[in-house]
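This is a predicted model, with the sequence first.
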Amino acid sequence: QLQLQESGSGLVKPSQTLSLNCGVSGGSISNGDYSWSWIRQPPGKGLEWIGYIYQTTNTYYNPSLIGRVTISVDMSRNQFSLKVTSVTAADTAVYFCASLVRGVVGFNNWGLGTLVTVSS
Amino acid sequence: QSALTQPASVSGSPGQSLTISCTGTTSDIGAYNFVSWYQQHPGKAPKLILYDVTNRPSGVSDRFSGSKSANTASLTISGLQAEDEADYFCSSYTSTSIYVFGTGTRVTVL
């Protein structure tokens, strides 16, 4: 069973870059049957899809975040990453990493989530 | 891409059935049968309970069922139990190869 675990800075200053990693265990990040996604949830609010990467280099992003978001894969560490530039308080949220597997159009495995607060 | 529309809250008594709607457009729900549903308890990560409109992952109770008509998908919970009290989110794959989530519904078991 695939397991995902987020890690990264929990506090980011406004205008700086948010960086998170998602470690993958129980499977290989280079397995072409999987896509890797980031999803966030502001405190007390709903889920917002951020983007996903498949086949290690192909990415799709939420149109509202294009230009500020980058998702990438690090095969040597079996993890994928999220960077969000020029953050504001509106980027404060619990960030989840999740996977999609071929044949299941749904996020079937999730990390526990990590809270990122944007504040000076 | 706008969020899919769900009722903010629904409630029911134990044993009853309740249905949550999820309304989108011809570019998302209406485009494919790629609607999924998630259950989220407070402080926890969401859990996939339905995918491809009607399919349940292994281990998910058959009290959860789904359907779709045109641009609206629905989740029905039968035989409501106390443990079903949670937030529920729909999601859809879209015609531009991205995903969109619903606004979320709080289910209360009376």
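Noted; the coordinates are in hand.

In this structure B:Phe101 contacts B:Thr94, no?
No. B:Phe101 lies out of contact with B:Thr94 (C-beta atoms under 8 Å); the separation is 11.3 Å. For glycine as for every other residue, the C-beta is placed from the backbone atoms N, C-alpha and C.

Quick check on these two: which one has the bigger neighbour count.
Ranked by neighbour count (other C-beta atoms under 10 Å in any protein chain shown), B:Phe101 and B:Thr94 place B:Phe101 first, with 23 against 20.

In contact with the more buried one, which residues?
B:Phe101 makes contact with A:39, A:46-49, B:3-4, B:89-91, according to C-beta atoms under 8 Å, 6 or more residues apart in numbering or on different chains.

how near is A:Gln16 to A:Gln79?
From A:Gln16 across to A:Gln79, the span is 21 Å (C-beta to C-beta, to the nearest Å).

circling back to that earlier point, any shared contact partners between B:Phe101 and B:Thr94?
With C-beta under 8 Å, 6+ apart, B:Phe101 and B:Thr94 have no common neighbours.

Can you report how many residues neighbour A:Gly8?
Neighbour tally, A:Gly8, other C-beta under 10 Å: 16.

Quick check: beta-bridge partners of it?
A:Leu20 (DSSP bridges).

Report all helices and strands that the longest strand seen in chain B contacts.
Longest strand in chain B, counting residues (DSSP state E): strand B:86-93. Where contact means 3 or more C-beta pairs under 8 Å, 6 or more residues apart in numbering or on different chains; DSSP states H and E, strand B:86-93 is packed against strand A:104-110, strand B:18-23, strand B:35-40, strand B:72-77, strand B:99-101, strand B:105-109.

Packing partners of the second one?
So the one you mean is strand B:18-23. Going by 3+ C-beta pairs under 8 Å, 6+ apart, strand B:18-23 lies up against strand B:9-12, strand B:72-77, strand B:86-93, strand B:105-109.

Try it again at 10 Å.
Counting contacts by 3 or more C-beta pairs under 10 Å, 6 or more residues apart in numbering or on different chains; DSSP states H and E, strand B:18-23 packs against strand B:9-12, strand B:35-40, strand B:64-69, strand B:72-77, strand B:86-93, strand B:105-109.

Any buried residues in it, and which?
For strand B:18-23, a neighbour-count test (16 or more other C-beta atoms under 10 Å in any protein chain shown) marks B:18, B:20-23 as buried.

now do stretch B:35-44
Under the neighbour-count criterion of 16+ other C-beta under 10 Å, stretch B:35-44 has B:35-40 buried.
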